[in-house]
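S.K.: got a predicted model here, sequence first, then my questions.
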Amino acid sequence: MSIDRSAMMERLGAMSARYEELLRALADPAIFAAPDRYQQVAREQATLASVVSTYREYLKATREMEEAAQLAREETDPDLREMARAEEVRLRGEGEMLLARLREALTPKDPLADRNIIMEIRAGAGGDEAGLFAADLFRMYSRYAERNRWKVEVLERSPSELGGFKEIVFAIQGKGAYRRLKYESGVHRVQRVPSTEAAGRIHTSTATIAVLPEAEEVDVRIRPDEIEIETYRAGGAGGQNVNKVETAVRIRHLPTGLVVACQDERSQHQNREKAMRIMRAKLLEAEIQRQQETIAKQRRQQVGSGERSEKIRTYNFPQDRLTDHRVGMSIHDLRTVLDGKLDELIDALEAAEVRALTSAPAS
């Protein structure tokens, strides 16, 4: 039994004991003299009932499986021994199914799980090679979105030399986008021989990714007096280009100092709308981070904090290997991964998060 599983069993045992305590309290006639106390106890007992019932079913199945296994070892009659083995297999499957239900029941539900997202990819260390890597990552996520029948919408881009990106900001729209891609926030590192490297030396470059759940207006309300809007000619931060109309938009959120610029669209209205979407997502992310800072350190997820300074993954081309440092997982087929086949990796990260959350002490 793994540490995570042991911790979960310990937590479930405590919940079962608490359930019995609540039942005894409800059976005490004195509780009816305090209606508020009665309602509080009854609500807590009802909340625990389903999980405790499943937990006890799991314990029963496990106990019976062990009895069947012992019978299969000790029985001398071949027919009875075979029946005991079949029963052991059946009960093991039932136990695993109940365990999966318990994990799901104990995992806190993320209210943002089904949100659309805004992703930002920025080239880091490595010059032109970092820009090309940023473009590779954008293609990887675009292909993953395509496999899931999600829509990709580029909000802002800043091309680099040789066809890469200094920065690209895009939205992915589809149910479950945030739940599946939230683990991608952080520093991604690539090790390969750049196409411009005549000597064939391996270079290390990085790109930084941020995954923001797209905010709705009810999540983040921005008053007109809280923003400062500046327009300029698209093509350069100072408007140094052939465009004669100021279609680019830069928005500053005065209370926080956050600045978002958008110049990808041909009209000022469209650029302003996209910039406000990005601004709302950034403000929602800041609020989520503030809330997470109040969580006790022992509840932090094992798959990492998602901080952008945290190196989360290495793409090693000479060894054809991708390694996710948070879960210690390696995949030997970079071409397939970069073509958008990310489910195996994301499943592992999601499972690690579930284990961390279900083994954490009840709050």
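M.R.: Perfect, I can see it now. Only a predicted model underlies this, so the values are computations on that prediction, with no experimental measurement involved. Numbers count the residues shown, from 1 in each chain.

S.K.: what helix or strand is Ile229 on?
M.R.: Element membership for Ile229 (DSSP states H and E) is strand 227-232.

S.K.: which outside residues touch that strand?
M.R.: Strand 227-232 is contacted from outside by 238-239, 246-254, 268, 272, 279, using C-beta atoms under 8 Å, 6 or more residues apart in numbering. Glycine gets a C-beta too; all of them are placed from N, C-alpha and C.

S.K.: same check on stretch 132-152?
M.R.: Stretch 132-152 is contacted from outside by 119, 121-123, 126, 160, 162-168, 170-174, 176-177, 180-181, 184, 188, 190, 194-195, 205-207, 209, 315, 337-342, using C-beta under 8 Å, 6+ apart.

S.K.: picking up where we left off before, could I get the contacts of strand 227-232 as TSV with secondary structure?
M.R.: Shown next, in TSV, are these (DSSP: H, G, I helix; E, B strand; the rest coil):
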residue	secondary structure
Gly238	coil
Gly239	coil
Glu246	coil
Thr247	coil
Ala248	strand
Val249	strand
Arg250	strand
Ile251	strand
Arg252	strand
His253	strand
Leu254	coil
Gln268	helix
Arg272	helix
Met279	helix
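
S.K.: closest to Glu285 out of those residues?
M.R.: Taking C-beta to C-beta as the measure, Glu285 lies nearest Met279 of those, at 10.8 Å.

S.K.: list the residues that contact that closest one.
M.R.: Met279 neighbours (C-beta under 8 Å, 6+ apart): Ile222, Ile227, Ile251, His253, Leu258, Val260.

S.K.: filter those residues to the buried ones?
M.R.: Ile222, Ile227, Ile251, His253, Val260 (16 or more other C-beta atoms under 10 Å).

S.K.: right, and the helix or strand after the lengthiest helix in the chain?
M.R.: Under DSSP state H, the helix in the chain containing the largest number of residues is helix 35-74. Toward the C-terminus, helix 35-74 is succeeded by helix 78-106 as the next helix or strand (DSSP H and E).

S.K.: who are the packing partners of that next one?
M.R.: helix 3-27, helix 35-74, helix 343-359 (3 or more C-beta pairs under 8 Å, 6 or more residues apart in numbering; DSSP states H and E).

S.K.: switch the cut-off to 7 Å
M.R.: Packing partners of helix 78-106 (3 or more C-beta pairs under 7 Å, 6 or more residues apart in numbering; DSSP states H and E): helix 35-74, helix 343-359.

S.K.: what angle separates that helix from helix 343-359?
M.R.: On the basis of axes from the mean of the first three to the mean of the last three C-alpha atoms, to 10 degrees, helix 78-106 is oriented at 80 degrees to helix 343-359.

S.K.: buried sites along helix 78-106?
M.R.: Quick answer for helix 78-106 (16+ other C-beta under 10 Å): 84-85, 87-88, 91, 94-95, 98-99, 101-103, 106.

S.K.: make sure Val211 is indeed in a strand.
M.R.: Yes: assignment of Val211 by three-state DSSP places it within a strand.
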